[in-house]
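Student: Here's a sequence, model it:
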Amino acid sequence: MRASPVPMTTLSFTAVIKIRGVNPFILVSAARANAIKPGWRKPLPVLLRINGKPAKPWRINLMPVGDGSFYLYLHGDVRKASDT
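Tutor: Modelled structure (predicted):
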């Protein structure tokens with residue numbers, strides 16, 4: 001028996017990078033998060049590119065805020081590769 005591939009949701013949007021403590025992040029709204037995985041409230045693994053970079057997407061967890069929205073933390077390698 002073969003597992004069928006999980007359908008991918010592609011989401012594209014523009015956001016401002018903010019700082020929480022020393023951590024740069026993008027806030028992903030509850031509506032956008034629901035478009036990826038409706039009703040999800042735990043860390044949510046995603047593949048992402050920022051500014052179309054890098055060629056191979058990063059695998060990062062969106063971290064729940066508690067109100068349905070998520071933080072997308074941008075570590076140094078992601079910011080460097082995406083020129084942000």
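Student: Could I get the full set of strands for the chain?
Tutor: 18-20, 23-28, 44-50, 53-64, 70-73 (DSSP state E).
Student: Pull out the buried positions in the fourth one.
Tutor: Applying a neighbour-count criterion of 16 or more other Cβ atoms under 10 Å, one finds Trp58, Ile60, Leu62, Pro64 buried in strand 53-64. Using the backbone N, CA and C atoms, a C-beta is placed for each residue, glycine as well.
Student: and if you look at stretch 41-51?
Tutor: The neighbour-count check on stretch 41-51 (16+ other Cβ under 10 Å) flags Leu44, Val46, Ile50 as buried.
Student: what about Trp40, neighbour count?
Tutor: For Trp40, the neighbour count with other Cβ atoms under 10 Å is 14.
Student: tell me the contacts of it?
Tutor: Ala33, Pro64 (Cβ atoms under 8 Å, 6 or more residues apart in numbering).
Student: repeat that for 10 Å
Tutor: Trp40 is in contact with Ala33, Asn34, Leu62, Pro64, Gly68, Phe70, counting by Cβ atoms under 10 Å, 6 or more residues apart in numbering.
Student: circling back to that earlier point, format the buried residues of strand 53-64 as a markdown table; extra columns: pLDDT and distance to Gly76.
Tutor: Output for the buried residues of strand 53-64, formatted as a markdown table (pLDDT from 0 to 100; distance: Cβ to Cβ, whole Å):
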| residue | pLDDT | distance to Gly76 |
| --- | --- | --- |
| Trp58 | 88 | 12 |
| Ile60 | 93 | 13 |
| Leu62 | 95 | 18 |
| Pro64 | 97 | 23 |
